[in-house]
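Q: Everything below, folded, please.
(4 chains)
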Protein chains: 2
Amino acid sequence: MDRRQQKTRTAIYDALTKLLRKRRFEDITVQEIIDEANIGRSTFYSHFETKDQLLEQMCDEMFSHVFAETLLPEKSHDFSANHEELKALLEHILWHIKDHEDNISSIMYGESEKLFTRYFSGYLEDAFGDMISNIDIDVSADFKKQFVMGSFINTVKWWIGNGLEQSPGEIIDAYFKCLIKK
Amino acid sequence: MDRRQQKTRTAIYDALTKLLRKRRFEDITVQEIIDEANIGRSTFYSHFETKDQLLEQMCDEMFSHVFAETLLPEKSHDFSANHEELKALLEHILWHIKDHEDNISSIMYGESEKLFTRYFSGYLEDAFGDMISNIDIDVSADFKKQFVMGSFINTVKWWIGNGLEQSPGEIIDAYFKCLIKK
DNA sequence: TCACTTTCTGAACACTGTGTTCAGCAAAAT
DNA sequence: ATTTTGCTGAACACAGTGTTCAGAAAGTGA
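A: Okay, the predicted model is just below:
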């Protein structure tokens, strides 16, 4: 690919990332992105059809980095017996998030948060599947899933929203303590 | 208040409510609201400064109905000993939500969902306060609060999103089963 | 180096939606 | 009956989106 294309593309991503640190995506104009990226208007629109498409593509790329190879690579993921393996996996994900702290944090306001949630849910379905069916509580499977995954994603959002103060290990421990209760 | 004002105000509310059933608030134009409500453009703007203010006021009014007198009226709310009183209170809230099913459901997409969450959190702080400090798990108070309230609000959103299939009692039971685990 | 292809540029444009203004009309209040 | 208040709708200014296109600039290959 032409170097020029690469250059403008990253210029746009960088510009948007920078602007997202100050305000929500909804409130940022294409013109601001263009100015910040220092490119021509038509250049922007030759790379992205709309502002929303830019966000989506940027998130796509970023989340695929965050979750890349995080899920079920070598191991045949046996999350049933005890929860240690699952905990390790989840902690691993949180480390990835911490690596991308700057980008992720700025995305967590406004519409873009929904993209994160959707992505995250998708990736977690697999991981949590075994564990959920293994928890012995007398409620419907749907409800269990909703509760377990929902509270985890919620916790992670809370963690990000508070500037990732705690370590991934602490978060996972606290989460499991609340969820399993001895 | 002048009858005319009342009429236009409810016409606007009704129009927006009707439109919200079909698409998200973000995608609805002021002109559509005006046409649906069958009023003049300047009339709209003499009642509400902006489209967002309309949403906010409408939600305000509605949520204050939903949560009205729901919290701590007669009883000196002792939610510590067992959870029965808290459960009754929460179930009561869910019944109120069910009463406003039409309006609430249409609000639960797009930006307006956030208003709901904010409101709900506010109202719940009180109710959950006692209970949270009484749960004996070795995690920080902040985390406990985040987990307990977050998972409850999440559950309610899930319930609403699925068309309020279950009864309030079922939801509360399931929630407490997952939370307390015997 | 010279032709060639691709990408970038930016001004001009059409379009959609927002919120304001104002003169005239209709309904309520006194 | 008169005054006050609210409704009307066309006209307007403004901001943001996305398109177009001719020309400049940068990369490619002989």
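
Q: Straight-line length of stretch A:158-167, end to end?
A: Between the opening and closing residues of stretch A:158-167 lies a distance of 13 Å (C-alpha to C-alpha, to the nearest Å).

Q: can you list the residues that contact it?
A: Contacts with stretch A:158-167, where a contact means C-beta atoms under 8 Å, 6 or more residues apart in numbering or on different chains, come from A:94, A:97, A:98, A:101, A:104, A:105, A:108, A:171, A:174, B:146, B:150. In this view, the C-beta of every residue, glycine as well, is placed from N, C-alpha and C.

Q: So which of those residues belong to strands?
A: Among the contacts of stretch A:158-167, no residue falls in strands (DSSP state E).

Q: now those residues in CSV, with neighbour count and pLDDT?
A: Output for these, formatted as CSV (neighbours: other C-beta atoms under 10 Å in any protein chain shown; pLDDT from 0 to 100):
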residue, neighbour count, pLDDT
A:94, 23, 96
A:97, 23, 94
A:98, 15, 94
A:101, 12, 91
A:104, 21, 91
A:105, 16, 90
A:108, 15, 87
A:171, 22, 98
A:174, 22, 97
B:146, 23, 95
B:150, 19, 97
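
Q: Mind checking which of these land in helices?
A: Filtering the contacts of stretch A:158-167 for membership in helices, criterion DSSP state H, returns A:94, A:97, A:98, A:101, A:104, A:105, A:171, A:174, B:146, B:150.

Q: Could you list every helix and strand in contact with the one helix or strand residue A:10 maps to?
A: Using DSSP states H and E, residue A:10 maps to helix A:3-20. Helix A:3-20 is packed against helix A:30-37, helix A:41-47, helix A:51-67, helix A:101-107, with contacts defined by 3 or more C-beta pairs under 8 Å, 6 or more residues apart in numbering or on different chains; DSSP states H and E.

Q: wait, does that helix make contact with DNA strand C?
A: Yes: contact between helix A:3-20 and DNA strand C, assessed by C-beta under 7 Å from any atom of the strand, occurs at A:4, A:5, A:7, A:8.

Q: and of the residues you listed, the nearest to residue B:116?
A: Distance ranking of those against residue B:116, using C-beta to C-beta, places residue A:8 first at 40.0 Å.

Q: so who does the closest one touch?
A: Counted by C-beta under 8 Å, 6+ apart, residue A:8 has contacts A:37, A:39, A:43, A:47.

Q: CA atoms only for the lengthiest helix in chain A - export them in PDB, please.
A: For chain A, the longest helix by residue count, based on DSSP H, is helix A:112-134. Listed in PDB are the C-alpha atoms of helix A:112-134, where the atom choice follows Å, rounded to 0.1, in the frame of the first residue of the first chain:
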ATOM      1  CA  SER A 112     -18.500   4.500  21.200                       C
ATOM      2  CA  GLU A 113     -19.000   2.800  24.500                       C
ATOM      3  CA  LYS A 114     -21.700   0.600  22.900                       C
ATOM      4  CA  LEU A 115     -19.300  -0.600  20.300                       C
ATOM      5  CA  PHE A 116     -17.000  -1.700  23.100                       C
ATOM      6  CA  THR A 117     -19.700  -3.500  24.900                       C
ATOM      7  CA  ARG A 118     -20.900  -5.300  21.800                       C
ATOM      8  CA  TYR A 119     -17.400  -6.400  21.000                       C
ATOM      9  CA  PHE A 120     -16.600  -7.500  24.500                       C
ATOM     10  CA  SER A 121     -19.800  -9.500  24.800                       C
ATOM     11  CA  GLY A 122     -19.000 -11.300  21.600                       C
ATOM     12  CA  TYR A 123     -15.500 -12.300  22.800                       C
ATOM     13  CA  LEU A 124     -16.700 -13.300  26.200                       C
ATOM     14  CA  GLU A 125     -19.600 -15.600  25.200                       C
ATOM     15  CA  ASP A 126     -17.100 -18.300  24.400                       C
ATOM     16  CA  ALA A 127     -15.100 -18.000  27.600                       C
ATOM     17  CA  PHE A 128     -18.000 -17.800  29.900                       C
ATOM     18  CA  GLY A 129     -20.100 -20.500  28.300                       C
ATOM     19  CA  ASP A 130     -18.600 -23.400  30.200                       C
ATOM     20  CA  MET A 131     -18.400 -21.600  33.500                       C
ATOM     21  CA  ILE A 132     -22.000 -20.400  33.400                       C
ATOM     22  CA  SER A 133     -23.500 -23.800  32.800                       C
ATOM     23  CA  ASN A 134     -21.400 -25.000  35.700                       C
END
